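[1] Here is my input, please return the structure:
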Amino acid sequence: MKKKTFWIFPLLTLSIISIAYSYTRFTNKEEKTVAECHEIPSNLESEFKPTVENKFKPTVKAPKGMVWIPGGEFSMGTNVEDESLCSIKGVTKDAAPIHRVYVDGYYMDETEVTNEEFEKFVKATGYVTVAEQKPTKEEFPTANEEDLITGSVVFTPTPSAVNLNNFLQWWRYEPGADWRHPEGPQSTIIGKEKYPVVHVVYEDAEAYAKWAGKRLPTEAEWEFAARGGKTGNLYAWGNDLKPKGKFQANIYQGHFPIKDGDTGEDGFKGIAPTKQYAPNAYGLYDIAGNVWEWVHDWYSVEYYKSLAESGKVTKNPQGPDAYYDPNDPSEVKRVHRGGSFLCTDQYCTRYMVGTRGKGEIRSAANHVGFRCVKSK
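    As a prediction, the model looks like this:
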């Protein structure tokens, strides 16, 4: 069979680097220490105004597996202009400027949707995810028929250190990879029922949410919840990456992206089951790290700027009316939030609570999942 690169490469570009990773070049020069990489910027809180939570509390018990998020007014975004706090400048500008937003109260899944939960949906409805569907000639008109095969994108470590400006070195299109087979056709989710479901595209997540009587959160709802009522923190748990020397999220430690490069200092190498770390102040688990999460909003690099320029508190924003990414202006993208188990000081620290990711809506990977919300 011919090597499938002509349409796989676009999938890789859209699904993985659409997350808006930056890169740093691998050199033999002395690297900054972790402490230096996570020094708290002197202006961290200067642009944030206090979070004002709504006082209303439901008198009924929250739906199973969900927690109440009170909503209110808060400062959204980030003033950190340096990806990883120690690499190239300016790459988090799509999450600036900080602006005031108000959201109504709602319920939110305390964890990312798990394999177990997604399987119930599939059994009840017969739903087939995009990764399980054979690509069509309409989608890829120049492709040969024998090259149109089911599959998804899987992280693949490199044998040795590489320059980090070419992501195709550590991602591959894996035939037969899907939510049931996260690493390819020989892999399984048996015994991983409590792990987040992955290899889901936006429409897969939306279909599950509708079946469950829920919906995907807006980006503003997601960030309000992630901040846990706190004002201007760098992370969902505070301003210290490792309070009392302990990691608070499943992220990547070690040399990225080489084989066995993840030291697992946080307790896991690769994806982890849900609820392995303390929840945030609202009772949400894994709101940073583990897997990226789809949210409702179209992605536009200029959206935050337009909200800030209005000079008003934006109430229940639903995202821009149209998508816009100058790097891929013709591609349809929605926002991702939270970072994943592959986020690292060397390449991506999008577990910083105010930062953003993005993804082409029909592209899946083994580090992207979702959680849902429900209006009161």
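[2] got a list of what Gly311 touches?
    Going by C-beta atoms under 8 Å, 6 or more residues apart in numbering, Gly311 touches no other residue. Backbone N, C-alpha and C define where each C-beta goes, glycine included.
[3] Tell me the spacing between it and Phe48.
    17 Å (C-beta to C-beta, to the nearest Å).
[4] Who is the residue nearest the centre of the chain paired with across the strands?
    The centroid of the chain falls nearest to Trp292 when counting by C-alpha atoms, centre = their mean (2.2 Å). Using DSSP bridges, the beta-bridge partners of Trp292 come out as Val368.
[5] From Tyr127, how far out is it?
    Trp292 is 21 Å from Tyr127, by C-beta to C-beta.
[6] The residue nearest to the centre of the chain is in contact with Arg334, isn't it?
    No: in terms of C-beta atoms under 8 Å, Trp292 does not count as a neighbour of Arg334; the distance is 11.1 Å.
[7] which neighbours do those two share?
    Gly359.
[8] And the pLDDT at Asn316?
    If you check Asn316, the pLDDT there is 98.
[9] Please name the residues that touch it.
    Tyr102, Val103, Asp104, Thr218, Ala220.
[10] Please narrow the residues you listed to those residing in helices.
    Ala220 (DSSP state H).
[11] any chance of the contacts of Asn316 in a markdown table, plus pLDDT?
    As requested, the contacts of Asn316 are exported to a markdown table (pLDDT from 0 to 100):
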| residue | pLDDT |
| --- | --- |
| Tyr102 | 98 |
| Val103 | 98 |
| Asp104 | 98 |
| Thr218 | 98 |
| Ala220 | 98 |
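[12] of all the contacts of Asn316, which comes closest to Ala95?
    Ala220 (12.4 Å; C-beta to C-beta).
[13] The closest one and Asp109: what is the separation?
    Distance, Ala220 to Asp109, by C-beta to C-beta: 17 Å.
[14] now swap in Ala278 and tell me
    17 Å.
[15] the more surrounded of the two?
    Asp109 (26 against 11; other C-beta atoms under 10 Å).
[16] Please name the nearest non-neighbouring residue to the more buried one.
    Arg371 (4.1 Å; C-beta to C-beta, 6 or more residues apart in numbering).
[17] what pLDDT does the one you found get?
    98.
[18] can you pull the contacts of it?
    By C-beta under 8 Å, 6+ apart, the neighbours of Arg371 are Met108, Asp109, Thr111, Glu112, Val113, Pro217, Glu293.
[19] Quick check: which element contains it?
    Under the criterion DSSP states H and E, no helix or strand holds Arg371.
[20] Need phi/psi at it.
    Per-residue torsions, Arg371: phi -140, psi 160 (degrees, to the nearest 10).
[21] Check the gap between it and Arg337 for me.
    10 Å.
[22] What mean pLDDT does stretch 61-76 get?
    So the average pLDDT for stretch 61-76 ends up being 98.
[23] buried stuff in it?
    62, 65-76 (16 or more other C-beta atoms under 10 Å).
[24] any chance of these in a markdown table, with distance to Pro317 and secondary structure too?
    As requested, these are exported to a markdown table (distance: C-beta to C-beta, whole Å; DSSP: H, G, I helix; E, B strand; the rest coil):
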| residue | distance to Pro317 | secondary structure |
| --- | --- | --- |
| Ala62 | 24 | coil |
| Gly65 | 26 | coil |
| Met66 | 22 | strand |
| Val67 | 22 | strand |
| Trp68 | 21 | strand |
| Ile69 | 16 | strand |
| Pro70 | 18 | coil |
| Gly71 | 13 | coil |
| Gly72 | 14 | strand |
| Glu73 | 12 | strand |
| Phe74 | 12 | strand |
| Ser75 | 14 | strand |
| Met76 | 9 | strand |
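[25] to the chain's geometric centre, what's the distance from stretch 252-260?
    Here stretch 252-260 is found 19 Å from its chain centre; the criterion is C-alpha atoms, centre = their mean, to the nearest Å.
[26] okay, how far is it across that stretch, tip to tip?
    11 Å (C-alpha to C-alpha, to the nearest Å).
[27] Kindly report the same for stretch 333-346.
    25 Å.
[28] Run through who's touching stretch 210-222.
    Contacts of stretch 210-222 (C-beta under 8 Å, 6+ apart): 69, 71, 76, 101, 103, 106, 108-109, 121, 124-125, 127, 205-206, 209, 225, 293-297, 314, 316-319, 335, 337-338, 356, 370-375.
[29] Can you show me the helices along the stretch 1-150 of the chain?
    Along the stretch 1-150 of the chain, the segments classed as helices by DSSP state H, counting those that start in this stretch run 8-15, 34-37, 115-125.
[30] mind checking which helix or strand Ala177 is in?
    Counting by DSSP H and E, Ala177 is part of no helix or strand.
[31] Now Leu252: closest residue in space, sequence neighbours ignored.
    If you look again at residue 252, you'll see it is Tyr, not Leu. Tyr252's closest residue in space is Thr344 (C-beta to C-beta, 6+ apart), at 3.9 Å.
[32] Near the one you found, how many other residues are there?
    Thr344 has 21 nearby residues by other C-beta under 10 Å.
[33] do the one 10 residues further on as well
    Residue neighbour count, defined by other C-beta under 10 Å, stands at 24 for Gly354.
[34] got it, and Gly184?
    Count around Gly184 with other C-beta under 10 Å applied: 16.
[35] Surely Trp237 touches Ala278?
    Yes: if you go by C-beta under 8 Å, Trp237 and Ala278 touch, sitting 7.4 Å apart.
[36] Please enumerate the shared neighbours of these two.
    Common neighbours of Trp237 and Ala278 (C-beta under 8 Å, 6+ apart) are Gln248.
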